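Asks: what follows is a predicted protein model with its sequence.
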2 protein chains.
Amino acid sequence: MCDQCNYRQILSDAGLSPTRHRVRVLEVVGNNTCPLNAQEIFDTLRRSHSINRVTVYRILDSLVDNGIIERISGGRASFFGLAPNAHHQRHPHFFCRLCGQVNCLTPQSVPVDVAPLRRVFPGIINSVEVRVDGICKNCLKNNA
Amino acid sequence: MCDQCNYRQILSDAGLSPTRHRVRVLEVVGNNTCPLNAQEIFDTLRRSHSINRVTVYRILDSLVDNGIIERISGGRASFFGLAPNAHHQRHPHFFCRLCGQVNCLTPQSVPVDVAPLRRVFPGIINSVEVRVDGICKNCLKNNA
DNA sequence: AATAACATGCAATTTAGTTGCACATTATTG
DNA sequence: CAATAATGTGCAACTAAATTGCATGTTATT
């Protein structure tokens, strides 16, 4: 979730022209409190605009490739949230295997230190995903 | 990779009868130096034995449910490796987005501390996955 | 205005995994 | 031991998620 990001600016800075669709996809991802999967993003967009499912997938791919958003794995689908940047610290995610929702955890909740790996790793490191799997509070209550 | 594990014993201890197929699936997963996906495990097995793809999926699911092996996400598929146990410390994995291989990193390379989360998390924590994405040494060389 | 480059839509396809049901094998009981 | 129950496996069909090829539309460059 971001109140400080200028999405058009972010796109332009990355060399992507701020087309209607790209801006809208980025708004949906950026304005949501938790990561969404491609279908949810598509469903949200189509409620108010005409857009194709494939276009959503392609835009999500390019936003990930440009480091604007990040892909988070959860169950069999990918979820998308704003990538770490000046306003957004990197943080881990929780995937509930019952309801399938992905939620953000605080950056402090699962501290990781990638520095040791960066010093010795002979390839390129693009991202580090920390994902906690289990059962969320709500599901625990509802299925008790 | 494990030289010290008695796979039949591990299965029995978990309450799973050590059928041919289960023992073989576990051998393939346990004897490999890096995690394999379901298709690779199936392809390896069918070279020497008659086995169905669905059976492989079902056995992998039950081994994961019983905490014998662990599921590691990489690209669009799941990969499988021995779960942490007496002989195998928990460790992070590296997913190369070019060749699609998953490799094990040393436990020390990306230290994580789940304790802070465990103290405050209101749900159930089943597993914590640390996955580094990027480009591996080989692909870096071959595509330079 | 012409052209090139990039973006989008649509249908078809692929990949990874799942389900339902029949048959086979193993375990349990009388 | 046979009878029965429980578990395991195979096969065909199905589903969800994502991708591809190609036509058309839009934007940028000369």
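Replies: Structure's in. What do you need?

Asks: would the strand ranked longest in chain A count as contacting DNA strand D?
Replies: In chain A, taking DSSP state E as the definition, the longest strand is strand A:124-135. No - if you take C-beta under 7 Å from any atom of the strand as the test, strand A:124-135 misses DNA strand D, and the best it gets is 14.2 Å. C-beta here means a position set from N, CA and C on the backbone, and glycine is covered the same way.

Asks: would the next helix-or-strand element following that strand count as contacting chain B?
Replies: Per DSSP states H and E, strand A:124-135 leads on to helix A:137-142 as the next helix or strand towards the C-terminus. Yes - using C-beta under 8 Å from any C-beta of the partner chain, we find that helix A:137-142 touches chain B at A:137, A:139, A:140.

Asks: swap in stretch A:83-100?
Replies: Yes - contact of stretch A:83-100 with chain B (C-beta under 8 Å from any C-beta) involves A:92, A:94, A:96, A:97.

Asks: between those, which is nearest residue B:26?
Replies: Residue B:26 lies nearest to residue A:97 out of the residues of stretch A:83-100 next to chain B, by C-beta to C-beta, at 22.6 Å.

Asks: report pLDDT for the closest residue to residue A:67 other than its chain neighbours.
Replies: In space, and not counting its chain neighbours, residue A:67 is closest to residue A:83: 5.5 Å by C-beta to C-beta, 6 or more residues apart in numbering or on different chains. Note on residue A:83: pLDDT of 95.

Asks: tell me, how many residues neighbour residue A:83?
Replies: By other C-beta atoms under 10 Å in any protein chain shown, 17 other residues sit near residue A:83.

Asks: try the one 3 residues further on
Replies: Taking other C-beta under 10 Å as the neighbour definition, residue A:86 ends up with a count of 7.

Asks: any idea how far the closest residue to residue A:116 other than its chain neighbours is from residue B:92?
Replies: Nearest non-adjacent residue to residue A:116, counting by C-beta to C-beta, 6+ apart: residue B:109, 5.5 Å away. To residue B:92, residue B:109 is 6 Å away according to C-beta to C-beta, to the nearest Å.

Asks: one more: residue A:90?
Replies: With C-beta to C-beta as the criterion, residue A:90 and residue B:92 are 15 Å apart.

Asks: swap in residue A:97?
Replies: With distances taken as C-beta to C-beta, residue A:97 is found 21 Å from residue B:92.

Asks: of those two, which one has the most company?
Replies: Taking other C-beta under 10 Å, residue A:97 and residue B:92 do not tie; residue B:92 has more neighbours (25 against 16).

Asks: doesn't residue A:42 lie inside a helix?
Replies: Yes - assessed by DSSP: H, G, I helix; E, B strand; the rest coil, residue A:42 belongs to a helix.

Asks: what's the local residue count around it?
Replies: Residue A:42, neighbours per other C-beta under 10 Å, totals 21.

Asks: what pLDDT does it get?
Replies: Looking at residue A:42, its pLDDT is 97.

Asks: give the contact list for the residue lying closest to residue A:39 once chain neighbours are set aside.
Replies: Distances taken as C-beta to C-beta, 6+ apart place residue A:77 nearest to residue A:39, at 7.4 Å, with adjacent residues excluded. Contacts of residue A:77 were listed using C-beta atoms under 8 Å, 6 or more residues apart in numbering or on different chains, and they are A:37, A:38, A:39.

Asks: just give me the closest of the residues you listed to residue B:26.
Replies: Of the contacts of residue A:77, the one sitting nearest to residue B:26 (C-beta to C-beta) turns out to be residue A:37, at 32.1 Å.

Asks: so the nearest residue in space to residue A:92 that is not next to it in sequence bridges to which residues?
Replies: Spatially, and ignoring its direct neighbours in sequence, residue A:92 is nearest to residue A:130 (3.8 Å; C-beta to C-beta, 6+ apart). The partner list for residue A:130 in beta bridges (DSSP bridges) reads residue B:130.

Asks: hmm, the host helix or strand of residue A:11 in reach of DNA strand D?
Replies: Secondary structure from DSSP H and E places residue A:11 in helix A:7-13. No - Helix A:7-13 does not reach DNA strand D (C-beta under 7 Å from any atom of the strand); its nearest approach is 9.3 Å.
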